[in-house]
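S.K.: mind looking at a prediction? Sequence and model below.
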Amino acid sequence: MKKIFFMIILLLLTTMVNSFAIDNLECNSSILVDAESGKVLYSKYPDRIKYPASLTKLMTAVIAVENGDLDDVYTVDDETPFTIDGSHIALEPGEKLTLEELLHALLIPSANDAAEVIAINNAGSVESFVEKMNEKAAELGMTNTNFVNPHGLHDDSHYTTASDLAKLAVYAYKNEVIRNIVKKKNYTIPATNIKEDERLLNTTNRLFIGTGYGNQIIIDGKYRDIKYDGATGMKTGYTPQAGSTFIGSAERDGLTLISVVLDGYITEVYSDTVKLLDYGFSNFEKIGLVETNTYVDSTEVIGANVEKIPLVTEDSFSSVIEKNESSNITSRITMDEITLPIKKDQCMGKYEFLLNDEVIGAVNLYTPIRIDEFAPINTRAIVVKTILSVFLAIAGLILLLRLYFTIRVWSVRKNKKLKL
């Protein structure tokens, strides 16, 4: 009895610790999602309208990468170096840099002048570039977002939500160029046509470098370094109006998580980020449910020239679920309406996965072979042919018997003559 009581108390304490670790978030709005699917794992006021500050630059990078080549050479205009405030890399009029170099300046030290130069060179003007940003936002389902510039410096009409930024972050993280840049701690821009010296860019992301004095946060009542095991990016932001903002990402045991926190103080965005990521890795896991080109089952189609038609998965599928929930996952096959003939690799239906009777995902099923109809059978001809065959067999047998008896009679008569 005492052992059972102890176990109950231990379970309650564990639950309280987990609740404390996620429920005492300091920032005004936050969300945690799976980086692969975008599945929301936790949120706190995710749809509150907020200013993104330099998190804007993630969208700037998306538009630049999708509408340009990394080797493109961009020229700094005459106005940007003298009109853009905040963080910068001291670009000068007429200076030439590649898009790749400017993207590193945009995402690692968060250079506002790099954002402006990218916009002007990529789209012809800041206004045209911002149009592309808002078009992409609409495409991604960012329904509570409006951009007015490529860097995130304050404007009352430049706003978003944590939920919308999570959609952007998931999309951007799937882009290999962006993913490879945001995971870097530093980068060197070589000398240009204007600058003789190299530029060393250092990250503003403390998940990579935050250790020691001034880089500690309190988690569950204990001091802890901001530096996070498994950190992979993504973007920092700050303006007086927006406060500190941050999108963080990390990967452990094949599971990649993305967190968004808005409207906090600088240490709060990191403590909230760490709490969110800790919560995600402690409570969720990624499980593979099926691989590509896996035989699942077979089906029958009336009139087909084969008895069984194989069903094979077109893609692999994995899902992020709460730990210890895998036993509650079931699967089912739903078939399309099929008519013959069936082409090779034709989609036949779906292989669906359910968690507690709710669909969590599906993959297409195809057949790797061509299926034709049976050739039509002429029953009358078969019957006639069979009867004819039987008749001929009987006639042949009668002829053989007659021949046998004829020979037999001839042989008997011959023997009688010899005896006489």
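M.R.: Yes, it's here. Residues are numbered from 1 along each chain as shown.
S.K.: tell me how far Phe147 lies from Lys195.
M.R.: In this structure, Phe147 and Lys195 are 30 Å apart, going by C-beta to C-beta, to the nearest Å. Any C-beta I mention is one placed from the backbone N, CA and C, and that applies to glycine too.
S.K.: of the two, which one has the most company?
M.R.: Phe147 (25 against 16; other C-beta atoms under 10 Å).
S.K.: excluding chain neighbours, give the residue nearest to that one in space.
M.R.: What sits nearest to Phe147 in space, not counting adjacent residues and going by C-beta to C-beta, 6 or more residues apart in numbering, is Met133, at 4.4 Å.
S.K.: next secondary structure after the helix or strand where that neighbour lies?
M.R.: For Met133, the element it lies in under DSSP states H and E is helix 126-139. Sequence-wise, the next helix or strand downstream of helix 126-139 (DSSP H and E) is helix 162-173.
S.K.: tell me what the helix or strand following that next one is packed against?
M.R.: Where DSSP H and E defines the elements, the next helix or strand beyond helix 162-173 is helix 176-182. Under the contact definition 3 or more C-beta pairs under 8 Å, 6 or more residues apart in numbering; DSSP states H and E, helix 176-182 sits against helix 56-66, helix 99-107, helix 162-173, strand 231-239.
S.K.: avg pLDDT for the longest one?
M.R.: The one in question is helix 162-173. Average pLDDT, helix 162-173: 98.
S.K.: got the contact list for it?
M.R.: Residues from elsewhere that reach helix 162-173 (C-beta atoms under 8 Å, 6 or more residues apart in numbering): 29-31, 33, 35-38, 40, 43, 45-48, 50, 52, 55, 58-59, 61-62, 137, 140-145, 178-179, 233-234, 247, 249, 256, 258, 260-262.
S.K.: which parts of it are buried?
M.R.: Ala162, Ser163, Asp164, Leu165, Ala166, Lys167, Leu168, Ala169, Val170, Tyr171, Ala172, Tyr173 (16 or more other C-beta atoms under 10 Å).
S.K.: now do the first one against Lys174, distance only.
M.R.: With the distance defined as C-beta to C-beta, Ala162 ends up 19 Å from Lys174.
S.K.: tell me the domain ranges of the protein?
M.R.: 22-284, 291-367, 378-420 (automatic domain parsing).
S.K.: count of residues packed around Ser43?
M.R.: With other C-beta under 10 Å as criterion, Ser43 counts 17.
S.K.: mind listing the helices for the protein?
M.R.: For the chain, the helices defined by DSSP state H cover 2-23, 56-66, 80-83, 99-107, 112-123, 126-139, 162-173, 176-182, 206-209, 266-283, 379-419.
S.K.: right, and these - which one's nearest Ala242?
M.R.: Within the helices of the chain, the stretch nearest Ala242 is helix 56-66; the backing value is 9.8 Å (C-beta to C-beta).
S.K.: what's the angle between that closest one and helix 126-139?
M.R.: Helix 56-66 and helix 126-139 meet at an angle of 90 degrees, taking axes from the mean of the first three to the mean of the last three C-alpha atoms, to 10 degrees as the criterion.
S.K.: please export the C-alpha coordinates of helix 56-66 as PDB.
M.R.: Extracted C-alpha coordinates of helix 56-66, given in PDB (Å, rounded to 0.1, in the frame of the first residue of the first chain):
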ATOM      1  CA  THR A  56      10.500  39.500 -41.000                       C
ATOM      2  CA  LYS A  57      13.900  38.700 -42.600                       C
ATOM      3  CA  LEU A  58      12.900  35.000 -42.700                       C
ATOM      4  CA  MET A  59      10.300  35.900 -45.300                       C
ATOM      5  CA  THR A  60      12.800  38.200 -47.100                       C
ATOM      6  CA  ALA A  61      15.200  35.200 -47.400                       C
ATOM      7  CA  VAL A  62      12.400  33.000 -48.800                       C
ATOM      8  CA  ILE A  63      11.500  35.500 -51.500                       C
ATOM      9  CA  ALA A  64      15.100  36.100 -52.400                       C
ATOM     10  CA  VAL A  65      16.100  32.500 -52.600                       C
ATOM     11  CA  GLU A  66      13.000  31.600 -54.700                       C
END
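S.K.: quick check: closest non-adjacent residue to Ile226.
M.R.: Using C-beta to C-beta, 6+ apart, the closest residue to Ile226 is Gly210 (2.9 Å).
S.K.: the inter-axis angle of the helix holding Met133 versus helix 162-173?
M.R.: 100 degrees.
S.K.: how about residues contacting helix 126-139?
M.R.: Contacts of helix 126-139 (C-beta under 8 Å, 6+ apart): 59-60, 62-63, 67, 116, 118-120, 122-123, 145-150, 164, 168.
S.K.: what about that helix, distance to the chain center?
M.R.: Chain-centre distance of helix 126-139: 23 Å, with C-alpha atoms, centre = their mean, to the nearest Å.
S.K.: show me what counts as buried in it.
M.R.: Val126, Phe129, Val130, Lys132, Met133, Lys136, Ala137.
S.K.: do the same with stretch 24-44
M.R.: Neighbour-count burial for stretch 24-44, counted by 16+ other C-beta under 10 Å, picks out 25, 27-36, 39, 41-44.
S.K.: again, but for stretch 57-70
M.R.: Across stretch 57-70, burial judged by 16+ other C-beta under 10 Å covers Lys57, Leu58, Met59, Thr60, Ala61, Val62, Ile63, Ala64, Val65, Gly68.
S.K.: how about stretch 285-293?
M.R.: So for stretch 285-293, counting by 16+ other C-beta under 10 Å, buried means Glu285, Lys286, Leu289, Val290.
S.K.: hmm, the third one is touching Val320, no?
M.R.: Translated: Leu289. No. Taking contacts as C-beta atoms under 8 Å, Leu289 lies outside contact range of Val320: 11.3 Å.
S.K.: what sits opposite Ile333 in the beta ladder?
M.R.: Tyr351 (DSSP bridges).
S.K.: what pLDDT does it get?
M.R.: Ile333 is assigned a pLDDT of 96 by the prediction.
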